[in-house]
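> coordinates only, sequence not included:
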């Protein structure tokens, strides 16, 4: 019998494998929905992009996909992500 458990948007199968549920919004979709790339003011863009990405990661308890992490790296926010993740883990 195969049993799956949904935990924070992740599915844990009875075999112990983790995978993201298909209906979970990706980081790229999340940023698109917030229209982050449409912000014209550079300072406002940087602030809102950073805040949106950190909120996304925090909501998911920093359990993100490889594609989400690639999006963070492509946007040049990997150091900030690593710092925030370490802070999050430290405060558990």
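That came through fine. Note that the structure is predicted; figures quoted are calculated from it, not measured.
> which residues touch the longest helix belonging to the chain?
Secondary structure of the chain per DSSP state H: the longest helix is helix 42-59. With CB atoms under 8 Å, 6 or more residues apart in numbering as the test, helix 42-59 has contacts from 27, 30-31, 34, 36, 39, 64, 68, 72, 75, 77, 80-81, 84-85, 88. Any C-beta I mention is one placed from the backbone N, CA and C, and that applies to glycine too.
> The nearest residue to residue 31 once chain neighbours are set aside and residue 84, how far apart?
Excluding the flanking residues, the one nearest residue 31 by CB to CB, 6 or more residues apart in numbering is residue 52, at 6.0 Å. Residue 52 is 13 Å from residue 84, where distance means CB to CB, to the nearest Å.
> And residue 49, by the same measure?
To residue 84, residue 49 is 14 Å away according to CB to CB.
> Check for me that residue 88 belongs to a strand.
No: Residue 88 is assigned helix when assessed by DSSP: H, G, I helix; E, B strand; the rest coil, not a strand.
> So for the closest residue in space to it that isn't next to it in sequence, what's the pLDDT?
Nearest residue to residue 88, sequence neighbours excluded (CB to CB, 6+ apart): residue 62, at 5.5 Å. As predicted, residue 62 sits at a pLDDT of 94.
> Residue 89 now?
pLDDT for residue 89: 93.
> give me the element the closest residue to it other than its chain neighbours is part of.
Residue nearest to residue 89 in three dimensions, not counting chain neighbours: residue 62, with 7.5 Å by CB to CB, 6+ apart. Using DSSP states H and E, residue 62 maps to neither a helix nor a strand.
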